[in-house]
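*Asks:* With the sequence up front, the predicted model follows.
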Amino acid sequence: MVIVGAGQAGLQTAEALRSGGFEGPITLLGDEPHGPYHRPPLSKAWLAGEMDAAQLVMRAPEMLAKKGIELRTDAAVQAIDRAHKTVQLADGSRLPYSGLVLATGATPRALPLPGADAAGVLPLRSRADASAIAERMAGCVEKNLPVVVIGGGFIGLEVAATARKKGARVTVLEAAPRLLGRVLAPVLSDWYAELHRSHGVELVFGAQIAAIDTDANGVRGVKLADGQVLPAGLVVVGIGVSANDALALQAGLACDRGIVVDACGRTSDPHIVAAGDCTARRLPDGTLLRLESVQNATEQGKSAAAALLGQDRPFTATPWFWSDQYDRKLQMAGLSTGADRWAVRGDMAAGTGFSVYHFKDGRLIAVDSVNAAKDHLQARKLLDAGVSPSTEQAADGGVDLGSLLSR
Ligand SMILES: Cc1cc2nc3c(=O)[nH]c(=O)nc-3n(C[C@H](O)[C@H](O)[C@H](O)COP(=O)(O)OP(=O)(O)OC[C@H]3O[C@@H](n4cnc5c(N)ncnc54)[C@H](O)[C@@H]3O)c2cc1C
Ligand SMILES: NC(=O)c1ccc[n+]([C@@H]2O[C@H](COP(=O)([O-])OP(=O)(O)OC[C@H]3O[C@@H](n4cnc5c(N)ncnc54)[C@H](O)[C@@H]3O)[C@@H](O)[C@H]2O)c1
């Protein structure tokens with residue numbers, strides 16, 4: 001079995017192949033210099049300098065060796081030859097496969113503007129990116145230069161929170177009228193805007209960026225369409241990602257803003273599966289769902305391994321995500337897009353611990369919890385079981401929603 005991409009999904013698939021009984025050789029090919037590592041801390045504790053390198057590592061090399069998984073780092077796959085069932089590596093060598101896993105992740109979208117390639121204008125996806133941001137951020141704190149973050153999504157806001165923690169001045173430029181518009185309902189976008197403002201972050205909505213202002217040291221500022229220039233010693237660009245589906249496209253696999261897979265991770269080739277950020281999952285109603293999260297990479301990895309072993313293990317569980325900003329842990333269960341009503345449990349104004357329950361046509365479709373882990377875990381159970389409280393029950397902290405599950 002050959003796995004392209006030594007990240008969250010690639011590692012999970014390799015381990016699930018072994019635990020699923022596959023006894024042949026497994027090769028995990030990654031194009032980074034590191035073995036599999038945790039990405040979530042890169043915008044949080046790692047960026048804040050609160051974690052050491054060993055804690056980022058997902059599996060020690062000895063552990064992989066013990067499981068008979070051969071890890072090859074700095075090994076970029078350049079092409080797939082489906083007719084001969086081989087992959088071609090950047091060094092020109094070829095590797096045969098009986099089953100192939102594509103777990104190539106995603107690439108941050110680049111800012112298509114003059115000056116965007118200047119030193120100090122940085123994306124955040126890899127360990128190398130995070131180290132470069134940390135170094136430049138330290139310089140900003142030392143010289144009292146502002147940090148400008150482009151994009152008020154997960155990357156932008158987690159970096160903004162970390163930069164504030166380190167003492168930097170921070171402005172977030174968001175093109176849309178609200179924060180986290182891809183994942184949060186407006187009520188929570190507003191709450192997060194207040195949280196960031198209360199920590200001293202400047203927020204600009206409807207931002208139109210014209211260019212990056214540069215000098216010999218790299219970035220000097222961000223020029224807006226109205227001519228205003230915001231000074232900056234570091235610009236972090238977090239404007240979304242694109243699925244890494246080029247290899248699959250070139251090999252003729254079905255792709256549509258990601259490698260199209262079914263709930264079991266199967267692609268349009270019976271010998272090739274895909275998992276994680278590089279995929280777009282076909283739903284029963286024919287639409288495509290792209291999820292970019294640890295849970296998705298982990299569960300699709302398990303499903304993809306099962307598919308290669310000839311078993312059906314559809315991943316249909318409720319999606320969940322989390323985000324840490326300041327001392328607030330946001331945990332999201334389900335997808336709130338399309339909700340027509342919502343109810344709040346707990347004290348949202350105090351912000352100490354609350355959940356927003358989202359309903360569509362009278363049914364619970366998602367729950368976003370802030371510092372309310374118990375609500376989140378219960379919400380996943382309710383959503384998995386298809387059990388819906390009424391909006392009144394959701395809003396009444398005296399009603400034990402867990403009891404609905406046992407009815
Ligand atoms: C800063 C940051 C914070 C995040 N925080 C959270 C969080 O709090 N919660 C959450 O749920 N999710 C979070 N995510 C998202 C989560 O990390 C991703 O959804 C997850 O890593 C996806 O796993 P993956 O294996 O699909 O992709 P990746 O982890 O990106 O792994 C893909 C690997 O494949 C390699 N590769 C690509 N092409 C090739 C090739 N041709 N040959 C060889 N190797 C190749 C890539 O270099 C990469 O190493 C965060 C992401 C980032 C960047
Ligand atoms: N806690 C988490 O789950 C977490 C944390 C960090 C990153 N991630 C993952 O990392 C990936 C990238 O995150 P992201 O925050 O870049 O993407 P995102 O899609 O979450 O947010 C991008 C934001 O940038 C804005 N934007 C787009 N173009 C812009 C422009 N030209 N100017 C200003 N704003 C613009 C969008 O409106 C959006 O709000 C995603 O896969 C995300 O799920 C997840």
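*Replies:* Looks like it came in fine. Ligands and ions are numbered 1, 2, ... in the order given.

*Asks:* what's the distance between the nearest residue to residue 204 once chain neighbours are set aside and ligand 2?
*Replies:* Closest residue to residue 204 apart from its sequence neighbours, by CB to CB, 6 or more residues apart in numbering: residue 173 at 5.0 Å. C-betas here are computed from N, CA, C, even on glycine. Using CB to the nearest ligand atom, to the nearest Å, we find residue 173 at a distance of 5 Å from ligand 2.

*Asks:* I'd guessed residue 173 sits against residue 148; true?
*Replies:* Yes - at 6.4 Å, residue 173 and residue 148 qualify as touching, with contact defined as CB atoms under 8 Å.

*Asks:* list residues touching both of these two?
*Replies:* 222, 230 (CB atoms under 8 Å, 6 or more residues apart in numbering).

*Asks:* picking up where we left off before, what's the neighbour count on the residue nearest to residue 204?
*Replies:* 24 (other CB atoms under 10 Å).

*Asks:* And the residue of the stretch 251-400 of the chain closest to ligand 1?
*Replies:* Nearest residue of the stretch 251-400 of the chain to ligand 1: residue 276, at 2.1 Å (CB to the nearest ligand atom).

*Asks:* Low-confidence ranges, the protein, go.
*Replies:* 407 (pLDDT under 70).

*Asks:* Which strands or helices does the longest helix seen in it pack on?
*Replies:* If you go by DSSP state H, the chain has its longest helix at helix 127-143. Helix 127-143 sits against strand 121-122, helix 154-165, strand 234-237, with contacts defined as 3 or more CB pairs under 8 Å, 6 or more residues apart in numbering; DSSP states H and E.

*Asks:* Could you dump those into CSV with distance to ligand 1 added?
*Replies:* CSV is the format used below for the helices and strands packed on helix 127-143 (distance: least, CB to the nearest ligand atom, whole Å):
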stretch, distance to ligand 1
strand 121-122, 12
helix 154-165, 6
strand 234-237, 10
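
*Asks:* so what's the residue in the stretch 201-350 of the chain positioned nearest to ligand 2 up against?
*Replies:* Per CB to the nearest ligand atom, the residue of the stretch 201-350 of the chain with the smallest distance to ligand 2 is residue 292, at 2.9 Å. By CB under 8 Å, 6+ apart, the contact set of residue 292 is 106, 241, 277.

*Asks:* who's in contact with the first one?
*Replies:* When you say that, I think you mean residue 106. Per CB under 8 Å, 6+ apart, neighbours of residue 106: 125, 241, 242, 243, 244, 277, 278, 292.

*Asks:* most neighbours, which of these?
*Replies:* residue 278 (31 neighbours).

*Asks:* Which residues are in contact with residue 320?
*Replies:* Residue 320 touches 293, 295, 331, 332, 333, 334, 376, 380, counting by CB under 8 Å, 6+ apart.

*Asks:* so the first one makes contact with residue 321?
*Replies:* Yes - when contacts are counted by CB under 8 Å, residue 293 is listed as touching residue 321 (4.8 Å).

*Asks:* Alright, that wraps it up for me.
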